[in-house]
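# sequence below, structure please.
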Amino acid sequence: MPTKFEQHTLGDILRILIVTASLPYPLASGGAIRVFGILNGLHDAGHHITLLSFGDNDTETPLNAICEKIVVLPAPSRSKLDRIQTLLLSQKADIETRFYSTDFEKCLLSLLNETPYDLVQFEAIESAAYLPAVRNKFPQLTICFDTFNAEADLQRVISEIDRQHIGRLPQAVYSWLQSKRIAQYEGDLCRAADLVIAVSAEDKAMLGAYRNDDQTYIVPSGIFVDDYAVPDKRVRLGKHAIVFTGKMDYRPNVDAMLWFADAILPQVPEANLTIVGQKPHARIQHLPQRENISLTGWVDTVPPYLHAADVYIAPLRMGSGTRLKILEAMASGCAIVATSIAAAGLSDAVKSALVIADSETSFAVAIRELLNNPAHRAELGRHAKLMVKAEYDWSVLIPRLLAAYQEVGLG
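Numbering: from 1, shown residues only. Sure, this is the predicted structure:
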């Protein structure tokens, strides 16, 4: 269980409504890890939290201990035909309607009518579909938009990568179109909120440009570093073990593994790659046909795989925000090779604990050098642990969120 951070409370105890598109437990995605960390930190700071989410709340989870109230509704169903109609018959971004439900909106407005909340906080752009309705109905209520990513720019980069492959041109066109629509939508959301939370300086620059004030703040995603100490469970991955972790139906992760498997791994034939993550996309399910690639699918816990790795890789070519996968690997003492895009959003001090390589050849060379130098791997791992504890543990990050609240008059 996470440990409590040093108390950094506001002058007043706040009643906060957190809105998210899925329950942040189990901690199986970066979004869940971020929201759970925020909920836990706000609870430890003494605030009263209501969580409104889509999902299934039939089982007891740690969320019950940190939330005063949890309200869960079934997720809306949206067919491919619905998505095509949105694309062709409207100017809306797909993400704008993906999680929209009239029942959810009614429930949200009812909660706000029943209880005098000091703050409603929307977690990620998917849940922010309801932000305009709240702003319209409760114009004086303080609203926070916690963004996770600069989504329009993320789609722009995805489009640029996909258009390099003739077979991906339809997807490239789709992402290009979505980036234009999301930019308008994302801007409207940022302007409607009282404060915007970005996870990196790069994201702040893009999201802050939508506003004409300085109410955009940086609160990176973090982890409970102590949870990544040597695990009780052990796995054996063999000699020259390379590990990648992530939700494997997420486009940046799929692209990373296809690029790595096809262009980089053949240059390191002695290495064995283990891809750890739920919901492997159809585009990568052929990879285990190669004798030096394994695909785990869902696993109960990730740290055993991180501790079994000789080298952790983050060959991302698209994405934004803070890479929680890198923070988890650092907390586990891994030697890490990452692209500049994967390391974007991390502080310079933290980047110093990584090996940064962007070309196919330089990435392969960096892996080979680490595989052949155990002492250097251990040195990088020790440095990584120190840096992530100092800058990305929730005990360091929650005070930054509370300070942002203070800036807009809460407390």
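# mind naming the longest helix for the chain?
Ordering each helix of the chain by length in residues (DSSP state H) puts helix 169-192 first.
# got the CA positions of that helix in CSV?
This file holds the C-alpha atoms of helix 169-192, laid out as CSV (Å, rounded to 0.1, in the frame of the first residue of the first chain):
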residue,chain,number,x,y,z
LEU,A,169,-2.4,6.1,-44.9
PRO,A,170,-6.1,5.8,-44.0
GLN,A,171,-5.2,5.9,-40.3
ALA,A,172,-2.8,8.8,-41.0
VAL,A,173,-5.6,10.8,-42.6
TYR,A,174,-8.0,10.0,-39.8
SER,A,175,-5.5,11.1,-37.1
TRP,A,176,-4.7,14.3,-39.1
LEU,A,177,-8.4,15.1,-39.2
GLN,A,178,-8.9,14.3,-35.5
SER,A,179,-6.0,16.5,-34.5
LYS,A,180,-7.7,19.5,-36.1
ARG,A,181,-11.0,18.8,-34.4
ILE,A,182,-9.4,18.0,-31.1
ALA,A,183,-7.5,21.3,-31.1
GLN,A,184,-10.7,23.2,-31.2
TYR,A,185,-12.3,21.0,-28.6
GLU,A,186,-9.3,20.9,-26.3
GLY,A,187,-9.0,24.7,-26.5
ASP,A,188,-12.7,25.1,-25.6
LEU,A,189,-12.2,22.9,-22.5
CYS,A,190,-9.1,24.7,-21.4
ARG,A,191,-10.8,28.1,-21.7
ALA,A,192,-13.9,26.9,-19.8
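# from the rest of the structure, what touches that helix?
87, 91-96, 125, 128, 131-132, 135, 143, 145, 147, 150-153, 155-156, 158-160, 162-163, 196, 207, 210-211, 216 (C-beta atoms under 8 Å, 6 or more residues apart in numbering). Just so you know, the C-beta spots here come from the backbone N, C-alpha and C atoms, and that holds for glycine as well.
# which of those are buried? Put it as a PyMOL command.
Buried residues within these, by 16 or more other C-beta atoms under 10 Å, are selected in PyMOL with:
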select buried, resi 87+92+93+94+95+96+125+128+131+135+143+145+147+150+151+152+153+155+156+158+159+162+196+207+210+216
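# show only the entries of the contacts of helix 169-192 found in helices.
Counting by DSSP H, the contacts of helix 169-192 contribute 87, 94-96, 125, 131-132, 135, 151-153, 155-156, 158-160, 162, 207 to helices.
# buried stuff in the longest helix of the chain?
Buried, per 16+ other C-beta under 10 Å, within helix 169-192: 171-172, 174-176, 178-179, 181-183, 185-186, 189-190, 192.
# check stretch 286-296 too.
Buried, per 16+ other C-beta under 10 Å, within stretch 286-296: 287, 292-296.
# do stretch 212-232 as well
215-225, 227-228, 231.
# as a markdown table, those with pLDDT would be great.
Output for the buried residues of stretch 212-232, formatted as a markdown table (pLDDT from 0 to 100):
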| residue | pLDDT |
| --- | --- |
| Gln215 | 95 |
| Thr216 | 97 |
| Tyr217 | 97 |
| Ile218 | 96 |
| Val219 | 96 |
| Pro220 | 93 |
| Ser221 | 93 |
| Gly222 | 95 |
| Ile223 | 95 |
| Phe224 | 95 |
| Val225 | 95 |
| Asp227 | 92 |
| Tyr228 | 93 |
| Pro231 | 79 |
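# looking at the residues you listed, which one is closest to Val355?
Nearest to Val355 among these is Tyr228, at 19.8 Å by C-beta to C-beta.
# for the closest one, which non-adjacent residue is closest in space?
Ala331 (3.6 Å; C-beta to C-beta, 6 or more residues apart in numbering).
# what about that neighbour, distance to Arg290?
Per C-beta to C-beta, to the nearest Å, Ala331 is found 30 Å from Arg290.
# cool, and Leu89?
Distance of Leu89 to Arg290, given as C-beta to C-beta: 43 Å.
# same check, this time on Ile158
Taking C-beta to C-beta, one finds Ile158 at 25 Å from Arg290.
# just the strands in the stretch 201-350 of the chain please.
Under the criterion DSSP state E, counting those that start in this stretch, the stretch 201-350 of the chain contains strands at 216-218, 241-245, 272-276, 293-295, 311-314, 336-338.
# er, the stretch 1-150 of the chain actually
Secondary structure of the stretch 1-150 of the chain (DSSP E, counting those that start in this stretch): strands at 15-20, 48-54, 69-73, 119-123, 142-146.
# now distance to Ala256 too, for these, in JSON lines please.
Formatted as JSON lines, these follow (distance: least, C-beta to C-beta, whole Å):
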{"stretch": "strand 15-20", "distance to Ala256": "26"}
{"stretch": "strand 48-54", "distance to Ala256": "28"}
{"stretch": "strand 69-73", "distance to Ala256": "33"}
{"stretch": "strand 119-123", "distance to Ala256": "25"}
{"stretch": "strand 142-146", "distance to Ala256": "25"}
